[in-house]
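Visitor: 3D model of this:
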Amino acid sequence: MLPTRILRAAQGSKPNITGFNMRQFKASSGQPKYDPWERTEAWRYEGTFTRWNRFKGGLPGLGTASVAFAGYCAYEYFFLEDEHHGEGHGEGHH
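Guide: You can find the predicted model right below:
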């Protein structure tokens, strides 16, 4: 640490020429102790409006589509035959 910083830290912070105290401002601008709108805003975070329910409703068919796609991939892998199996590549056969 630089010696000038040590000296400044020992003397305390330099007073602001505007008279504005940033620490006092940060302390006073926190959450209010009493919010008069708390009861009327509570419905936004309960019941069907919880974060999980809003997320779940955002992509309604994703679960069904994922299961159907996985089933199709399994069916294709196990039951459908590869038509080009055994053919040489690059010989011009189509």
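Visitor: Give me the phi and psi for the residue nearest the centre of the chain.
Guide: When the chain is reduced to its mean C-alpha position, the closest residue under C-alpha atoms, centre = their mean turns out to be residue 55, at 11.3 Å. In terms of degrees, to the nearest 10, the main-chain angles of residue 55 are phi -70, psi -40.
Visitor: Tell me the helix or strand right after the helix or strand of the chain with the lowest mean pLDDT.
Guide: Counting by mean pLDDT, DSSP states H and E, the weakest-scoring helix or strand in the chain turns out to be helix 3-11, with a mean of 64. Downstream of helix 3-11, the first helix or strand assigned by DSSP states H and E is helix 22-28.
Visitor: Give the rounded mean pLDDT of the longest helix belonging to the chain.
Guide: Counting residues, the longest helix in the chain under DSSP state H turns out to be helix 62-79. Mean pLDDT, taken over the full extent of helix 62-79, equals 95.
Visitor: Can you give the distance from it to the centre of its chain?
Guide: Relative to the mean C-alpha coordinate of its chain, helix 62-79 is positioned 28 Å out (C-alpha atoms, centre = their mean, to the nearest Å).
Visitor: how many other residues sit next to residue 21?
Guide: 13 (other C-beta atoms under 10 Å). Yep, even glycine has a C-beta here, placed from its N, CA and C like the rest.
Visitor: re earlier: tell me which residues are up against the longest helix of the chain.
Guide: With contact meaning C-beta atoms under 8 Å, 6 or more residues apart in numbering, helix 62-79 is reached by no other residue.
Visitor: Let me see the confidence value for residue 93.
Guide: 55.
Visitor: got a list of what residue 34 touches?
Guide: Contacts of residue 34 (C-beta under 8 Å, 6+ apart): none.
Visitor: so it is in which element?
Guide: Going by DSSP H and E, residue 34 is not part of any helix or strand.
Visitor: Residue 28 versus that one, what's the distance?
Guide: 15 Å (C-beta to C-beta, to the nearest Å).
Visitor: Span of stretch 49-66 from start to end?
Guide: The distance separating the two terminal residues of stretch 49-66, taken as C-alpha to C-alpha, to the nearest Å, comes to 25 Å.
Visitor: swap that for stretch 55-65, sorry
Guide: End-to-end distance for stretch 55-65: 17 Å, by C-alpha to C-alpha.
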